[in-house]
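1. Provide a 3D model corresponding to the input given below.
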Amino acid sequence: MTTSSNAPTLRSMTGFAAGTGSLEPFRWSWDIRSVNGKGLDLRLRLPDWVDGLEAAVRPLVAAHAKRGNITLSLRVTRDDAVAAVALNVPQMKAVVASMLQIESEAMERGLSLAPSRASDIALVRGVLEQGMAQDDPAPLKAALLAELPALLTAFDAMRQSEGAALLGVLSSQLETVTALTQEAAALAEARKDDVAEALKRNLARVLDNTDGADPDRVAQELALLAVKADVTEEIDRLHAHVAAAQTLLDTAGPVGRKLDFLMQEFNREANTLCSKAQNADLTRVGLELKALIDQMREQVQNVE
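-> Down below sits the predicted model:
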């Protein structure tokens, strides 16, 4: 059962489900498990004597997952594993002939042998053969395929449950990112006077030591210093990234790749914020953002 396109929810790439079934004389057990992966990697461990089973199973599993390393295993056993004993007549005749020859040779040499018994002949390798009955695998294949959807539904349910937990964690972390970004904006506004004063001091120092310098070049350097101290763009982009992440969390379907890319963008802005801070409190906020974004990225690695 696939997830409805009208129900926005995250799905984890981590999941597990197991099931058992029977159709006389067969019994079987399924298990399916998955971990995170960059793409979709399906590994099927199925009995190869059930013709066409893998070709039928693979698209069914693939329809329930877009990403992740998924392993599906099936073990089938028979209750009557030991079938009826069959007599290998040619082998039995060959053994009897050999025994008669041995007895005849012994009598000629005056040796007396104990009488041979049927059980002695039966114990000779190859006289009695055991084997498994040959069944038509078609009914078994049909029964297995009929039970597979229930296993996949349970698998989906666990991945959706894990995804709901991820959604809660990521939503909370996004709220914290928003709060830290707002704090950074307030700190940046509050330090404007300090930055302006620092620029004035730098300007005075430059002017005192620029006899013969190009005034335009001096102005350009001071403007560059002012730009390097401005974190307005970084704060605006952080707000935009929060909005984009929230949109992805509210979107149905696989969004893990996009969220992972967005985490890289978050991290880039946090790094730039720290490098431009020139203020202890702003630096602290930038470092808190970096630590939080790292935590978010770890969670995102599990999102389908």
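2. Which positions in stretch 20-31 come out as buried?
-> 21, 26, 28, 30, 31 (16 or more other C-beta atoms under 10 Å). In this view, the C-beta of every residue, glycine as well, is placed from N, C-alpha and C.
3. I meant to write stretch 114-129 there.
-> Under the neighbour-count rule (16+ other C-beta under 10 Å), stretch 114-129 has 124, 127 buried.
4. Now do the SS call for residue 17.
-> With DSSP: H, G, I helix; E, B strand; the rest coil as the basis, residue 17 sits in strand.
5. check contacts around it.
-> Applying C-beta atoms under 8 Å, 6 or more residues apart in numbering, we find residue 17 in contact with 30, 31, 32, 33, 151, 152, 154, 155, 157, 158.
6. Please repeat the previous calculation with a cut-off of 10 Å.
-> Contact partners of residue 17, counting by C-beta atoms under 10 Å, 6 or more residues apart in numbering, are 30-34, 72, 150-159.
7. Taking those residues, tell me the two that lie furthest apart.
-> Comparing all pairs in the contacts of residue 17 by C-beta to C-beta, the longest separation belongs to 34 and 150, at 17.2 Å.
8. can you tell me how far the residue lying farthest from the centre of the chain sits from residue 102?
-> The outermost residue of the chain, judged against the average C-alpha position, is residue 110 (79.0 Å), by C-alpha atoms, centre = their mean. Residue 110 sits 14 Å away from residue 102, taking C-beta to C-beta, to the nearest Å as the criterion.
9. same check, this time on residue 25
-> Taken as C-beta to C-beta, the span from residue 25 to residue 102 is 42 Å.
10. which helices and strands does the longest helix along the chain pack with?
-> What stands out as the longest helix in the chain, according to DSSP state H, is helix 138-190. Packing partners of helix 138-190 (3 or more C-beta pairs under 10 Å, 6 or more residues apart in numbering; DSSP states H and E): strand 15-23, strand 26-35, helix 53-62, strand 68-78, helix 232-249, helix 256-276, helix 280-300.
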